[in-house]
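Enquirer: Below is the structure, and that's it, no one-letter string:
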């Protein structure tokens with residue numbers, strides 16, 4: 001309502017009723033206007049707007065940009081917190097944005113609020129497509145390529161998180177084609193975002209050739225343009241791909257690139273990723289399990305104080321202990337290696353699905369064939385729907401050998 005907007009702006013300017021009324025309005029009339037008990041004339045509105053130092057449209061329009069900006073600031077604050085453990089933040093966002101949805105029809109603030117509303121609705125398993133569609137249309141009107149790409153990627157990732165990898169790739173390729181048709185210029189960051197996610201999706205469906213092509217093009221583009229955006233993620237992907245292909249030379253090359261980036265950026269996540277890949281090379285390539293444990297244990301000493309990727313360190317310790325024939329202790333650590341809720345890619349899931357295969361091997365050595373067979377069967381069942389990989393083959397082979405025995 002007009003009166004409410006006038007009162008809010010007056011208080012923001014720290015003006016009394018008398019100060020805003022000035023010489024052309026009475027304090028009583030202004031009070032009636034603010035309480036929506038009197039309708040101001042256009043002359044009065046122009047006078048009030050001038051004294052408030054705003055445009056008249058800001059008073060009469062249902063969509064008040066200043067109000068929306070305040071709502072958006074609060075929404076962004078809520079959205080940015082607790083990313084690993086969101087709790088009730090999406091419900092808070094829905095409650096904050098929902099009263100404004102009907103008037104979100106133009107401008108960046110409206111588009112971004114619709115996007116955040118749609119993402120929150122999706123997280124709460126409610127209908128999210130309409131607000132995302134409206135946000136997409138507004139971003140296109142404003143020629144905001146990066147933001148338009150973000151809604152396209154979101155549509156694809158919804159399917160990816162549901163482990164519908166073929167559909168995720170199909171949606172991503174469609175969205176990319178639409179973006180490239182509508183925008184004559186794709187900025188470098190948007191291009192890398194699209195390349196990175198396309199490579200992820202190709203790997204997820206087992207199309208290694210297409211994935212490597214897109215991934216290598218993205219890495220070359222980053223180097224050519226001296227851009228570090230997503231380069232650590234690309235190196236991680238490249239190292240994981242080389243590991244799956246059992247290409248030791250290429251694997252070593254990319255984990256060294258990841259190490260160089262981690263040292264340069266001093267980024268904790270990149271450094272821990274390098275450490276985990278380095279540990280993996282001791283376990284799978286060099287079979288030096290003691291050296292692996294020497295790297296793992298200092299990290300696990302921090303587990304109680306919030307170690308990032310702790311499930312990965314538990315997993316690696318379980319595998320190293322299996323290699324050292326410390327089977328009971330290996331099972332204890334493998335049991336701690338629960339699949340992190342943020343992992344959805346077959347590369348990551350395959351690593352954690354293997355924990356049951358390693359548990360099966362430990363149980364076999366301990367003479368418990370029943371538990372060994374049950375664990376091996378669990379691993380095989382979890383690998384159903386995953387693309388072929390050395391991990392999947394190893395899991396199936398272990399199960400078949402245990403069945404024979």
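Expert: Looks like it arrived, so ask away. Predicted model only: the values in this text are computed from it and were never measured. Residues are numbered from 1 along each chain as shown.

Enquirer: from here on, contacts and neighbour counts on C-alpha atoms
Expert: Noted.

Enquirer: how about stretch 175-187: buried residues?
Expert: 175, 176, 179 (16 or more other CA atoms under 10 Å).

Enquirer: Now intersect these with the strands, please.
Expert: Judged by DSSP state E, those include no members of strands.

Enquirer: Now, those that are in helices?
Expert: In helices, defined here by DSSP state H, the members of these are 175, 176, 179.

Enquirer: Now the phi/psi pair for residue 87, please.
Expert: In terms of degrees, to the nearest 10, the main-chain angles of residue 87 are phi 60, psi -130.

Enquirer: give me the number of residues near it?
Expert: Summarising burial for residue 87: neighbours were counted as other CA atoms under 10 Å, giving 10.

Enquirer: Next: residue 292.
Expert: Burial of residue 292 is recorded as 24 neighbouring residues (other CA under 10 Å).

Enquirer: Next SSE downstream of the helix or strand of the chain with the lowest mean pLDDT?
Expert: Among the secondary structure pieces of the chain, namely its helices and strands, helix 56-60 has the lowest mean (mean pLDDT, DSSP states H and E), a mean of 71. Sequence-wise, the next helix or strand downstream of helix 56-60 (DSSP states H and E) is helix 65-80.

Enquirer: what is the orientation angle of whichever helix or strand comes after that following helix with helix 65-80?
Expert: On the C-terminal side of helix 65-80, the nearest following helix or strand under DSSP H and E is helix 89-97. For helix 89-97 and helix 65-80, the angle between their directions (axes from the mean of the first three to the mean of the last three CA atoms, to 10 degrees) works out to 170 degrees.

Enquirer: From the contact counts, what lies against helix 89-97?
Expert: helix 65-80, helix 107-123 (3 or more CA pairs under 8 Å, 6 or more residues apart in numbering; DSSP states H and E).

Enquirer: ok, and what's touching that helix?
Expert: Identification of contacts with helix 89-97 by CA atoms under 8 Å, 6 or more residues apart in numbering yields 71, 75, 78, 79, 113, 116, 117, 120, 121, 123, 124.

Enquirer: gap between residue 311 and residue 186?
Expert: Taking CA to CA, to the nearest Å as the measure, residue 311 falls 38 Å from residue 186.

Enquirer: outside of the top helix by length along the chain, which residues touch it?
Expert: Ranked by residue count under DSSP H, the longest helix found in the chain is helix 346-365. With contact meaning CA under 8 Å, 6+ apart, helix 346-365 is reached by 204, 240, 315, 319, 322, 327-328, 330-331, 334, 337-339, 343, 369, 371-376, 378-379, 382-383, 386-387, 391-392, 395, 398-399.

Enquirer: Go again with 6 Å.
Expert: Helix 346-365 is contacted by residues 204, 327, 331, 334, 372, 375, 376, 379, 395 when judged by CA atoms under 6 Å, 6 or more residues apart in numbering.

Enquirer: Counting neighbours, what do you get for the fourth one?
Expert: Read it as residue 334. Using other CA under 10 Å, residue 334 has 27 neighbouring residues.

Enquirer: now do the third one
Expert: Burial of residue 331 is recorded as 25 neighbouring residues (other CA under 10 Å).

Enquirer: Repeat that for the second one.
Expert: Residue crowding around residue 327 was assessed by other CA under 10 Å; the count is 21.

Enquirer: do you know how far it is from residue 299?
Expert: Between residue 327 and residue 299 the distance is 21 Å, computed by CA to CA.

Enquirer: ok, now the first one?
Expert: Applying CA to CA, one obtains 30 Å for the distance of residue 204 from residue 299.

Enquirer: Which residue of the two possesses the greater neighbour count?
Expert: With neighbours defined as other CA under 10 Å, residue 204 and residue 299 compare such that residue 204 has more, 24 against 17.

Enquirer: can you tell me which residues contact the more buried one?
Expert: Contact analysis of residue 204 by CA under 6 Å, 6+ apart lists residue 346.

Enquirer: So what's the model's average confidence on stretch 25-44?
Expert: For stretch 25-44, the mean per-residue pLDDT is 87.

Enquirer: Then stretch 150-157?
Expert: In this model, stretch 150-157 carries a mean pLDDT of 98.

Enquirer: From the chain's centroid, how far away is it?
Expert: Mean-position distance between stretch 150-157 and its chain equals 11 Å (CA atoms, centre = their mean, to the nearest Å).

Enquirer: remind me which residues of the protein are low pLDDT?
Expert: In the prediction, the chain carries residues with pLDDT under 70 at positions 57-58, 60-64, 84, 303-306.

Enquirer: mind putting the ones in helices among the buried residues of stretch 175-187 in TSV, distance to residue 274 included?
Expert: Putting these into TSV (distance: CA to CA, whole Å) gives the following:
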residue	distance to residue 274
175	33
176	31
179	34
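
Enquirer: ok, so of these, who is nearest residue 209?
Expert: Distance to residue 209 across those (CA to CA) is lowest for residue 176, with 19.2 Å.

Enquirer: now residue 25, nearest residue through space, not along the chain?
Expert: In space, and not counting its chain neighbours, residue 25 is closest to residue 44: 7.8 Å by CA to CA, 6 or more residues apart in numbering.

Enquirer: what about that neighbour, helix or strand, and which?
Expert: For residue 44, the element it lies in under DSSP H and E is helix 42-52.

Enquirer: if we can go back for a sec, tell me which of the helices and strands packed on helix 89-97 sits most buried.
Expert: Ranked by mean neighbour count under mean count of other CA atoms under 10 Å, those are led by helix 107-123, which reaches a mean of 23.

Enquirer: what's the spacing between that helix and its chain's center?
Expert: So, by CA atoms, centre = their mean, the centroid of helix 107-123 is 16 Å from its chain's centroid.

Enquirer: count of residues packed around the residue lying closest to residue 56 once chain neighbours are set aside?
Expert: Here the nearest residue to residue 56 in space, its sequence neighbours aside, is residue 49; by CA to CA, 6+ apart that works out to 5.4 Å. In terms of burial, residue 49 registers 19 neighbours under the definition other CA under 10 Å.

Enquirer: Hmm, residue 49 is touching residue 59, no?
Expert: No - at 7.3 Å, residue 49 does not count as touching residue 59 under the criterion of CA atoms under 6 Å.

Enquirer: Residue 175 and residue 152 touch, don't they?
Expert: Yes - here residue 175 lies in contact with residue 152, judged by CA under 6 Å, at a distance of 5.4 Å.
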